[in-house]
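[1] Let me see the structure of the following:
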Amino acid sequence: MVPETFAGYPVIIEKTDFYKRNRNVSGMAAGGGFDDTGEKPYISINGYAPQMKDPRARQNLMRIEASRHLMNEIDYDPKWEITPAQKEFQESFRGLEGGHYYADNIDNSFKQTLISRSVGMSLQRGDERNYTWDAQTKQNPNTGKFYTDESVAPPQLTDEQIKDRNMFDQMIFNRELVSKVKRGEL
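    Model prediction:
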């Protein structure tokens, strides 16, 4: 069962042409400042993605995408630098449809991705949340097809990044914190 809303954002299962071509994409933060449709922010779940049949995977996706909307709401602009291991992960987006936003960190998209993917992990995972566990996508030089490389070690978050992740963890469940950040109180 998919909830109607999560962290104040509507949740919608969608079956778009993009999702049909990219079944590996679980979903996204849509509307709001993420596109120019004028729609209010919502959490979009890929109706073609087999991984989204798992309720735990949907829960993690909703946490990830709610944190992305929260980042947009507060104009989150992290000043920390990415580590060499994180840079390698960032490069894994290059060549994917829409991947240049992350590969080139357009509007801090990659930095926000590091934090949001950590927010997406279940709180019960403890210190495992301090790593970005998403397998990196690689392109086969012979076929040109993309595949998931499970052998790449996950990059670790820095202390500054963990602090930011913890802030968004709290904001998901406490909308008043969002208001305080907007007012400059936090």
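[2] Buried residues in the longest helix along the chain, which are they?
    Counting residues, the longest helix found in the chain (DSSP state H) is helix 55-73. Neighbour counts over helix 55-73 (16 or more other CB atoms under 10 Å) mark 57-58, 60-73 as buried. To be clear about C-beta, it is placed using only N, CA and C from the backbone, and glycine gets the same treatment.
[3] between those, which is closest to residue 89?
    Taking CB to CB as the measure, residue 64 is the one of these closest to residue 89, at 15.4 Å.
[4] any idea how far the residue lying closest to that closest one once chain neighbours are set aside is from residue 113?
    Spatial nearest neighbour of residue 64, excluding adjacent residues (CB to CB, 6 or more residues apart in numbering): residue 120 at 3.5 Å. In this view, residue 120 and residue 113 are 10 Å apart by CB to CB, to the nearest Å.
[5] likewise residue 43?
    In this view, residue 43 and residue 113 are 16 Å apart by CB to CB.
[6] One more: residue 44?
    16 Å.
[7] again, but for residue 47
    Counting by CB to CB - residue 47 and residue 113 are separated by 22 Å.
[8] Which one's more surrounded, the two?
    Taking other CB atoms under 10 Å, residue 47 and residue 113 do not tie; residue 113 has more neighbours (22 against 15).
[9] So the residue lying farthest from the centre of the chain: helix, strand or coil?
    The centre of the chain is farthest from one residue, residue 142, which by CA atoms, centre = their mean lies 30.1 Å away. Secondary structure, DSSP: H, G, I helix; E, B strand; the rest coil: residue 142 is coil.
[10] Check residue 29 too.
    Following three-state DSSP, we place residue 29 in the strand state.
[11] For burial, what's the neighbour tally of it?
    Neighbour tally, residue 29, other CB under 10 Å: 24.
[12] what pLDDT does it get?
    pLDDT for residue 29: 92.
[13] ok, now the one 10 residues further on?
    On the pLDDT scale, residue 39 is placed at 86.
[14] where along this structure do the helices fall?
    Under the criterion DSSP H, the chain contains helices at 17-21, 55-73, 84-91, 100-103, 109-120, 159-173, 175-182.
[15] For residue 4, which residues are in contact?
    Residues in contact with residue 4 (CB atoms under 8 Å, 6 or more residues apart in numbering) are 10-11.
[16] ok, now how distant is the closest residue in space to residue 182 that isn't next to it in sequence from residue 170?
    Nearest residue to residue 182, sequence neighbours excluded (CB to CB, 6+ apart): residue 74, at 5.9 Å. Counting by CB to CB, the separation of residue 74 from residue 170 is 13 Å.
[17] next one: residue 76
    14 Å.
[18] circling back to that earlier point, residue 9: which of the helices of the chain is closest?
    Of all these, helix 55-73 sits nearest to residue 9, with 5.5 Å by CB to CB.
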